[in-house]
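J.: Just need the structure, nothing else, for what follows:
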Amino acid sequence: MPRAWTLHSRPKGMPKSGDFALIDQPSAPLADGEVRVANNWLSVDPYMRGRMNDVKSYVPPFALGEPMQGGAIGEVVESRSDKVPVGTKVQHMLGWREEAVLPAGQVQPLPRLDVPDEAFLGQFGMPGMTAYFGLLDVAQARAGDIVFVSAAAGAVGSTVVQIAKAKGMTVIGSAGGAAKCDWVRSLGADAVIDYKSGDVVQALAKAAPEGIDVYFDNVGGDHLDAALLAARMNARFAICGMIDIYNEGQPQSLKYLAKVIGARVTIKGFLVGDHLARAADFYEDMGRWLKDGSLTREQTVFEGLESAPDAFLGLFTGANKGKMLVRI
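T.: Residues are numbered from 1 along each chain as shown. As a prediction, this is how the structure comes out:
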């Protein structure tokens, strides 16, 4: 019988293994227009922490006792839709489970690019699109800009680094630990800050003595403070995530917020779903950069559905380099 992870209790602070429960999920018969997908790969992402709280947000909270959701890649093993035949490899949002039954309109056949299937959960999927649209559309980054990227060794941040370099920008990345910093440097970053080794505000001031034009924020906290202090005239900030506060819920300090006035800084939050109408542009550019060698992918893989909570928790302790995935 297929299994699925549910939210057993709403976490207080950092989630614990006891907040999750693995249950049997009986196979449901298909209705007209539905497909059954055997999941092969699951994505775990920081935004899922917000869905564990019973609060109003841009996506509904996970329901206690019900299978959780998230990005997944699998193969259609049964179909009652002429549009999605058996054998089609698809991506969808009913992850955290071994089997998904859903309308054919809610699955997307994998694009025809020369990458492994799981890449469509990372650099060629939601994280990659987040990097692409956040940097180029939201922050309006352009050749010659000095770009600061937090969580630069993560799935989104590492792609931001590479797109920025492909577009002729100077890039400063932040990552935790010497090994991750070395990897970010190998992606082309012009300077890398190890946030575990000292004060981020001082480190960015040293790495960018002339200031920054663009900040791509995945972290919040002292990284956002550092970026505000370093902001040049008309700097643009794309606020993608703030993992520093997802578990503790502490407010941002924003002690340099007044810099927004004098430097005319633009700070804009965004969701990748706002930009999906331009997905074809994303795949065209990413395909070209893939062919010319501008892109490198890394992923951290946990094996088996049983490991999904551990993989998720690893996002908050720096356990991943590149995309965090679960292979079923």
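J.: How many neighbouring residues does Val156 have?
T.: Using other CB atoms under 10 Å, the number of residues around Val156 comes to 30. In this view, the C-beta of every residue, glycine as well, is placed from N, C-alpha and C.
J.: pull the CA atoms of the helix or strand it falls within into CSV?
T.: In this structure, Val156 sits in helix 155-166 according to DSSP states H and E. Output of helix 155-166 as CSV, limited to C-alpha atoms (Å, rounded to 0.1, in the frame of the first residue of the first chain):
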residue,chain,number,x,y,z
ALA,A,155,19.5,25.5,-4.9
VAL,A,156,18.4,29.1,-5.6
GLY,A,157,21.5,31.0,-4.6
SER,A,158,23.9,28.8,-6.6
THR,A,159,21.8,29.4,-9.7
VAL,A,160,21.7,33.1,-9.1
VAL,A,161,25.5,33.2,-8.9
GLN,A,162,25.8,31.4,-12.3
ILE,A,163,23.1,33.4,-14.1
ALA,A,164,24.7,36.7,-12.8
LYS,A,165,28.1,35.6,-14.1
ALA,A,166,26.6,34.6,-17.4
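J.: what sits up against that helix?
T.: 45, 122-123, 127-128, 130-132, 134-136, 141, 145, 147, 149-152, 171, 173, 175, 183-184, 187-189, 216, 218, 240-241, 289, 294-296, 298, 320, 322-324 (CB atoms under 8 Å, 6 or more residues apart in numbering).
J.: Neighbouring strands - and their directions - for whichever helix or strand comes after that helix?
T.: Going down the chain from helix 155-166, the next helix or strand is strand 170-175, by DSSP H and E. Each strand paired with strand 170-175, and its direction, by DSSP bridges: strand 146-149 (parallel), strand 191-194 (parallel).
J.: for the stretch 1-150 of the chain, what spans make up the helices?
T.: 126-133 (DSSP state H, counting those that start in this stretch).
J.: domain assignment for this structure?
T.: 3-122+298-327, 126-273 (automatic domain parsing).
J.: now the shortest one, how far from the centre of its chain.
T.: When you say that, I think you mean domain 126-273. Put simply, domain 126-273 sits 14 Å off its chain's centre (CA atoms, centre = their mean, to the nearest Å).
J.: one step back: which among the strands paired with strand 170-175 is found nearest to His92?
T.: Smallest distance to His92 across the strands paired with strand 170-175 (CB to CB): 29.1 Å, for strand 146-149.
J.: re the thing from before, out of the domains of the chain, indicate the one that is most buried.
T.: domain 126-273 (a mean of 20; mean count of other CB atoms under 10 Å).
J.: Now the terminal residues of it, how far apart.
T.: End-to-end distance of domain 126-273 (CA to CA, to the nearest Å): 9 Å.
J.: What mean pLDDT does that domain get?
T.: Mean pLDDT, domain 126-273: 95.
J.: Do you have the strands of the stretch 151-300 of the chain handy? List them.
T.: 170-175, 191-194, 212-217, 231-239, 266-269, 299-303 (DSSP state E, counting those that start in this stretch).
J.: how far does stretch 260-278 sit from the chain's center?
T.: Put simply, stretch 260-278 sits 17 Å off its chain's centre (CA atoms, centre = their mean).
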